[in-house]
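> sequence first, predicted coordinates after that:
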Amino acid sequence: MALDKMEDLSLQQMVPRPEPGEVEGITLPKSVCSIWDQVWNFQARPDDLLIATYAKAGTTWTQETVDMIQQNGDVEKCRRATIGKRHPFLEWFIEDPLSTRYFGLELAEAMPSPRTLKTHLPVQLVPPSFWKQNCKVIYVARNAKDNLVSYYHFHRMNKGLPDPGTWEEFMEKFMTGKVLWGSWYDHVKGWWKAKDKHRILYLFYEDMKENPKREIQKILKFLEKDVNQEILNKILHNTSFEIMKENPMANYTRDFQTIMDHSISPFMRKGAVGDWKNHFTVAQNKKFDEDYKKKMADTSLVFRTEL
């Protein structure tokens, strides 16, 4: 066992962190840029469901909730494969000699309908076929401070992402939008505007934490699904942070093993609202708040940073 662990460690050390690239001013992994034409020309089907979020905003939680709804609370069916295989990550493409090859488009194209797909793309980069086919989209937004903290720790443990540098440096990158998938501010505002034109259910991470039952009922209504109280309780239980953290089909311990190092920081770290208070200094908080006020002055969007 010790030898296996050492081999794993040496594999992780050998995986080089990727260089970022750019598509229409949005920072994306170089590997994604290399297949951008294929992403943009992806053919959505009318019964596709797209789960869209900024990275580390409750994506996996929403995916698991949706899958539980679609499988009528059948836990075994929800463990048929890891979350990355059940819901292909549309634009993600990673081909590393030491890692599992993951090509979201290929997985999506091979999947029978109805499909549930995942993306972190800002609204303007979503393949146009989704709008042409009038697909349903569930978007989840998380307050900027907690999102930033979670994203920083995710970069620390995930060699598939560029090196985050120090907390201070990463915060600066986040504020200027020079992180993967672009500016958080533009992302949440862009999707907020789009909900008036398209079939988008816009949810908030903080609402999901505060009252998961109410938010699951919103998803049920949006998906035109009906479940009894017993199934609803089952969904609630199995999508709680504690249960999901221990679920190998949802916690990313089975996928990307040479890339994600859960000993640095687990993929499912805290799932809390207000953890930013353990990271921001008083000066950082003041600077962040002033910048936030300017960037969010042109929107009716309001976020809660504590419950």
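Here it is on my side, so go on.

> give the buried residues for the strand or helix carrying M171.
For M171, the host element (DSSP states H and E) is helix 167-176. Buried residues in helix 167-176, counted by 16 or more other CB atoms under 10 Å: W167, F170, M171, K173, F174, M175. Just so you know, the C-beta spots here come from the backbone N, C-alpha and C atoms, and that holds for glycine as well.

> gap between the closest residue to T65 other than its chain neighbours and D74?
Once flanking residues are discounted, T65 sits nearest to T239: 4.7 Å by CB to CB, 6 or more residues apart in numbering. According to CB to CB, to the nearest Å, T239 and D74 sit 13 Å apart.

> cool, and G177?
41 Å.

> more neighbours: which of those two?
Per other CB atoms under 10 Å, whichever of G177 and D74 has more neighbours is G177, with 17 against 14.

> that one: what's it in contact with?
Contacts for G177 (CB atoms under 8 Å, 6 or more residues apart in numbering) come out as T27, S183, W184, Y185, D186.

> list the helices and strands the strand or helix carrying the first one packs on?
Assigning secondary structure by DSSP H and E places T27 in strand 26-29. Applying 3 or more CB pairs under 8 Å, 6 or more residues apart in numbering; DSSP states H and E, we find strand 26-29 packed against strand 20-23.

> how far off centre is stretch 59-68?
11 Å (CA atoms, centre = their mean, to the nearest Å).

> swap that for stretch 202-216, please
16 Å.

> next one: stretch 57-72
12 Å.

> what are the buried residues along it?
57-71.

> from these, which is closest to V302?
V302 lies nearest to A57 out of those, by CB to CB, at 15.9 Å.

> wait, the closest one sits on N143?
No: contact criterion CB atoms under 8 Å: A57 and N143 do not qualify, at 9.2 Å.

> what is in contact with these two at once?
With CB under 8 Å, 6+ apart as the test, A57 and N143 both reach Y205.

> just how off-centre is the helix or strand that the helix holding M171 is followed by within its chain?
Beyond helix 167-176 on the C-terminal side, the first helix or strand identified by DSSP H and E is helix 184-194. Centre-to-centre, helix 184-194 and its host chain are 15 Å apart (CA atoms, centre = their mean).

> packing partners for helix 184-194?
So helix 184-194, by 3+ CB pairs under 8 Å, 6+ apart, packs with strand 136-141, helix 144-157, strand 200-204.

> ok, now with 10 Å
Helices and strands touching helix 184-194, by 3 or more CB pairs under 10 Å, 6 or more residues apart in numbering; DSSP states H and E, are strand 49-53, strand 136-141, helix 144-157, helix 167-176, strand 200-204, helix 282-295.
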